[in-house]
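Visitor: Structure, please.
(one chain, ligands or ions: 1)
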Amino acid sequence: ADHSYSRWGARVWVREKEQLVPATVNSCGDGTLVLTTDYGECTFKQKVTREKVYAMHPSSIDGVEDMSALAELHDAAIMHNLYQRYQKDNIYTNIGSILAAVNPYKQIAGMYDMERVHLYSKHQFGELPPHIFAVANECYRCIWKRHDSQCVLISGESGAGKTESTKLLLQFLSVMSQNSAGTPLAEKSTRVEQAIVQSSPIMEAFGNAKTVYNNNSSRFGKFIQLHFSECGNIQGGCVIDCILSLTALLDFSHLPTFMNDLCS
Ligand SMILES: Nc1ncnc2c1ncn2[C@@H]1O[C@H](COP(=O)(O)OP(=O)(O)OP(=O)(O)O)[C@@H](O)[C@H]1O
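Guide: Below is the predicted model of the structure:
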């Protein structure tokens, strides 16, 4: 039998109403444990059975950068890993080639500065901690590696950080473009990239509005296309708006009147 949890301070999973909750052992004896759960900090006695309490795997205790390395693959382990990382301001976590981002709702110092852009531009995907710039860099490199168009799909609930992530991708790609061999010297301080990055606030002025979920909520989806030359600089691009689902349409009461008119 696995008794690795019967000691003070051991990390365990406790089953509570069909859900697994991370907890720490306070004391043990007579086949019962006194536990403190992480969320809500409630302390209670548990009769030890394999179904109710089991030891947490080291990969869940320490946390992992790539969730495909988690030994325990249940909802609770995934949420716990994201939460542990988020507490240390590590808002990005890989799941193989997928990137999960947790919205920090605050500026994290140095997270997106130019140094970080350059750092990620010089490393392969997986060499550095998970980051939106690692995805952007992989995307840029793969145009040549795979000789094909690349696509980043960003999804998540309202307020999850899709719009901000899109802007960070564009920011990274525009720096790569400016630094590429294909950019003529005269255009190093450049029009196309600037236009692409600066188009975001204009799009937001027309298409965003405050909702209960997000002060700057996009009211339409966007398909953004960038065209790269063989030398790696951005030559142009386009933004195609697509209307959101019916549920989003019902939410149009938040829009300014002129947008309501447009939508109807
Ligand atoms: N990486 C980040 N760092 C700091 N703050 C962020 C980050 N991502 C998002 N935010 C904050 O969260 C807010 C909501 O994010 P964002 O508008 O990107 O969400 P969204 O997923 O596009 O929402 P919607 O679907 O409603 O348009 C932003 O206005 C910003 O304040």
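
Visitor: what helix or strand does Ser199 sit in?
Guide: helix 191-207 (DSSP states H and E).

Visitor: Name the residues of the stretch 51-200 of the chain found near the ligand, please.
Guide: Residues of the stretch 51-200 of the chain lying close to the ligand by CB under 6 Å from any ligand atom are 103-105, 107, 156, 158-164. Every C-beta, even on glycine, is put in place using the N, C-alpha and C of the backbone.

Visitor: Greatest separation within these: which pair is it?
Guide: Pairwise distances across those peak at 20.8 Å for Gln107 and Ser158 (criterion: CB to CB).

Visitor: which one of the two has more residues nearby?
Guide: Remark: of Gln107 and Ser158, Ser158 carries more neighbours, 14 against 8, as counted by other CB atoms under 10 Å.

Visitor: so the more buried one makes contact with Asn215?
Guide: No: shown here, Ser158 and Asn215 do not form a contact pair, counting by CB atoms under 8 Å, at 11.0 Å.

Visitor: where do the strands sit along the stretch 1-150 of the chain?
Guide: Shown for the stretch 1-150 of the chain, the strands assigned by DSSP state E, counting those that start in this stretch span residues 11-16, 19-29, 32-37, 43-47, 53-55, 92-95, 98-101.

Visitor: Lys47: neighbouring residues, count only.
Guide: 10.

Visitor: Look at it and report its pLDDT.
Guide: On pLDDT, Lys47 comes in at 71.

Visitor: What are the neighbouring residues in contact with it?
Guide: For Lys47, the contact set (CB atoms under 8 Å, 6 or more residues apart in numbering) comprises 31-32.

Visitor: Identify the bridge partners of it.
Guide: Thr32 (DSSP bridges).

Visitor: now it: how far from the ligand?
Guide: 44 Å (CB to the nearest ligand atom, to the nearest Å).

Visitor: Model confidence for Arg219, exactly?
Guide: pLDDT, read off for Arg219, is 82.

Visitor: hey, what's the residue most central in space within the chain bridged with?
Guide: Residue closest to the mean C-alpha point of the chain, counted by CA atoms, centre = their mean, is Ala101 at 1.2 Å. Beta-bridge partners recorded for Ala101 (DSSP bridges): Tyr92.

Visitor: just to confirm, which helix or strand has Asp241 in it?
Guide: strand 234-243.

Visitor: What residues sit buried inside that strand?
Guide: 234, 237 (16 or more other CB atoms under 10 Å).

Visitor: Please find the angle between the direction vectors of it and helix 191-207.
Guide: 10 degrees (axes from the mean of the first three to the mean of the last three CA atoms, to 10 degrees).

Visitor: With distance to Gly236 and pLDDT added, can I get the residues of the stretch 51-200 of the chain next to the ligand in JSON lines?
Guide: Output for these, formatted as JSON lines (distance: CB to CB, whole Å; pLDDT from 0 to 100):
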{"residue": "Asn103", "distance to Gly236": "31", "pLDDT": "97"}
{"residue": "Pro104", "distance to Gly236": "33", "pLDDT": "97"}
{"residue": "Tyr105", "distance to Gly236": "34", "pLDDT": "95"}
{"residue": "Gln107", "distance to Gly236": "32", "pLDDT": "97"}
{"residue": "Gly156", "distance to Gly236": "28", "pLDDT": "93"}
{"residue": "Ser158", "distance to Gly236": "31", "pLDDT": "91"}
{"residue": "Gly159", "distance to Gly236": "31", "pLDDT": "93"}
{"residue": "Ala160", "distance to Gly236": "29", "pLDDT": "95"}
{"residue": "Gly161", "distance to Gly236": "27", "pLDDT": "95"}
{"residue": "Lys162", "distance to Gly236": "23", "pLDDT": "94"}
{"residue": "Thr163", "distance to Gly236": "22", "pLDDT": "93"}
{"residue": "Glu164", "distance to Gly236": "24", "pLDDT": "95"}
